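Student: task: produce atomic coordinates for the following.
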Amino acid sequence: MKRFYFLSIFLISMSVLNGCNSGPQTVVIVPPPPVPKEPDAIKKRSYLSGEKKVCIYSRMGNEEQIVISRDDICPLKR
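Tutor: All right, here's what the predicted structure looks like:
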């Protein structure tokens, strides 16, 4: 009786496992999403420092600066 019980459990489990196999499957590899572009820095102010001009920008609350020639114009965005 025990043999019959274990045999029936084995056959049922094999049929369940076999039913889960749906044959060959296609794997689709999706490339990662593009990295978002950093927002523009907006010009806040500028000042002269000797023979150079310092342009101050704000990017999401953080200040950045570039140093250019005294005669150049600071770009509005960076």
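Student: burial of Tyr57, as a residue count?
Tutor: Using other Cβ atoms under 10 Å, Tyr57 is surrounded by 21 other residues. No exception for glycine: its C-beta is placed from N, CA and C like everyone else's.
Student: whoops, Arg78 was the one
Tutor: Neighbours around Arg78, by other Cβ under 10 Å: 13.
Student: show me what contacts it?
Tutor: 40-41, 43, 57, 64, 66 (Cβ atoms under 8 Å, 6 or more residues apart in numbering).
Student: pLDDT score for the most centrally placed residue in the chain?
Tutor: The chain has Val35 as the residue nearest its centroid, 5.0 Å off, counting by Cα atoms, centre = their mean. pLDDT for Val35: 90.
Student: one more: the one 10 residues further on?
Tutor: At Arg45, the pLDDT value in this model is 97.
Student: cool, the one 3 residues further on as well?
Tutor: The confidence metric pLDDT takes the value 97 at Leu48.
Student: still on that earlier bit, put the buried members of the contacts of Arg78 into a ChimeraX selection.
Tutor: Restricted to buried positions by 16 or more other Cβ atoms under 10 Å, the ChimeraX selection for the contacts of Arg78 reads:
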select :41,43,57
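Student: now the contacts of Arg78 in a markdown table, with distance to Pro31?
Tutor: Output for the contacts of Arg78, formatted as a markdown table (distance: Cβ to Cβ, whole Å):
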| residue | distance to Pro31 |
| --- | --- |
| Asp40 | 26 |
| Ala41 | 29 |
| Lys43 | 36 |
| Tyr57 | 33 |
| Glu64 | 31 |
| Ile66 | 34 |
